[in-house]
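**Student:** predicted coordinates and the sequence they were generated for:
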Amino acid sequence: MVPGDDARAPSGTPRHAPEGSDAARGLVVDLRFRADDPQQAVLLLGRLREAVGVLSAFDGFIDGVVGRATDDGLLLMVALSWRAVGDYRRALSSYDVKVSVVPLLSTAVDEPSAFEVLHERDCAGSRDAAGALAEDAGRVSLGSAAAPFVPPLPS
């Protein structure tokens, strides 16, 4: 069993939003990884699955996907959905994540990877969200939470 495959987060709350709830994703993290050869791609796939399992145990985690480019077997990606930027930051600040997940995430293609959700649509409808870019967004590094709450930039 991959860590985090249980149905509840450490706090005892459901790790996913209950079906039909109004819980909205506030942050999507998209990371791309380039393997050197097919054997490394298989190993990387396993490590990415484990990383998603570890992260899934944290409050605010909604879902995670690991995929491979359809026209390039050496290009893999992981997409993580979080309820809020702060949930993602708190997860990255955990000691276990700093030791087991952050070193892997740091090997991703060097490009922006965390995106606040401004519009989403599913079969039930659509939702727009006001931006909530944190005031300290340009100063806080990966794995570091500046404070339990940082107010958004004025709109």
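**Tutor:** The structure has been received and is ready for your questions. Numbers count the residues shown, from 1 in each chain.
**Student:** for the rest of this, base every contact and every neighbour count on C-alpha atoms.
**Tutor:** Will do.
**Student:** what about the strands in this structure?
**Tutor:** With DSSP state E as the criterion, the chain has strands at 27-34, 61-69, 72-82, 114-116, 119-122, 125-128.
**Student:** if you drop the residues flanking it in sequence, what lies closest to Leu75?
**Tutor:** For Leu75, ignoring the flanking residues on the chain, the nearest one in space by CA to CA, 6 or more residues apart in numbering is Arg34 at 4.8 Å.
**Student:** can you pull the contacts of the one you found?
**Tutor:** 41, 74-76, 108-109 (CA atoms under 8 Å, 6 or more residues apart in numbering).
**Student:** can you redo the strands of the chain as a markdown table with mean pLDDT and distance to Gly138?
**Tutor:** Output for these, formatted as a markdown table (pLDDT from 0 to 100; distance: least, CA to CA, whole Å):
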| stretch | mean pLDDT | distance to Gly138 |
| --- | --- | --- |
| strand 27-34 | 97 | 16 |
| strand 61-69 | 97 | 23 |
| strand 72-82 | 97 | 20 |
| strand 114-116 | 90 | 12 |
| strand 119-122 | 88 | 22 |
| strand 125-128 | 89 | 24 |
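**Student:** how close does Asp59 sit to Val85?
**Tutor:** 12 Å (CA to CA, to the nearest Å).
**Student:** one more: Ser93?
**Tutor:** 12 Å.
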